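Colleague: I would like the atomic coordinates for the input below:
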Amino acid sequence: MAIRIVRLGTERASGEGLRIGTVRRPPRGVPKSEFASQNWYDVWYPNLAPSVETMKTAQAAETPAQWAAFGRKFKAEMAEPDASRSLDLLAALSHQSAFSIGCYCEDESHCHRSFLRELLKARGAEIVA
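Modeller: Reported below is the predicted structural model:
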């Protein structure tokens with residue numbers, strides 16, 4: 001059992017389990033009834049998405065320093081009690097269940113899910129490489 005970090009909208013891996021969308025907004029133009037069947041997500045959980053202001057920082061980041069500034073802001077948001085408890089819960093569940101979390105971004109290295117991976121690992125989560 002473990003967590004997979006995925007790009008939403010991609011084909012599901014065998015045994016991936018429940019797919020959790022850690023995004024601020026649902027996919028555009030997709031009926032809610034089709035989110036799961038189109039491989040977006042089974043459950044929407046924006047609690048682990050960057051705030052609108054922080055998301056704008058990421059979208060505007062053109063240099064490594066600007067990307068690092070986004071990372072600091074996002075990690076500070078994830079240190080807030082509700083988000084921190086959510087990360088603790090997912091890390092604990094990773095030892096009991098197979099599931100995935102994800103975002104729409106094509107490049108994980110330039111996406112908040114790279115920081116989620118790091119934060120979950122720090123909490124002892126079992127993560128599929």
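Colleague: show me what the longest helix along the chain packs onto, helices and strands only.
Modeller: In the chain, taking DSSP state H as the definition, the longest helix is helix 64-78. Packing partners of helix 64-78 (3 or more CB pairs under 8 Å, 6 or more residues apart in numbering; DSSP states H and E): helix 52-60, helix 81-93, helix 112-122. Placement of C-beta: from N, CA and C, glycine included.
Colleague: identify the residues contacting that helix?
Modeller: By CB atoms under 8 Å, 6 or more residues apart in numbering, the residues outside helix 64-78 that reach it are 48, 50-51, 54, 57-58, 60-61, 83-84, 87, 110, 112, 115-116, 119.
Colleague: Three-state assignment for Ser33, please.
Modeller: helix (DSSP: H, G, I helix; E, B strand; the rest coil).
Colleague: tell me the angle of the lowest-mean-pLDDT helix or strand in the chain relative to helix 112-122?
Modeller: The weakest-scoring helix or strand in the chain, judged by mean pLDDT, DSSP states H and E, is helix 52-60 (a mean of 94). Put simply, helix 52-60 runs at 110 degrees to helix 112-122, going by axes from the mean of the first three to the mean of the last three CA atoms, to 10 degrees.
Colleague: chain center to helix 52-60: distance?
Modeller: The chain centre lies 15 Å from the centre of helix 52-60; the measure is CA atoms, centre = their mean, to the nearest Å.
Colleague: name the residues of that helix that are buried.
Modeller: Thr54, Met55, Thr57, Ala58 (16 or more other CB atoms under 10 Å).
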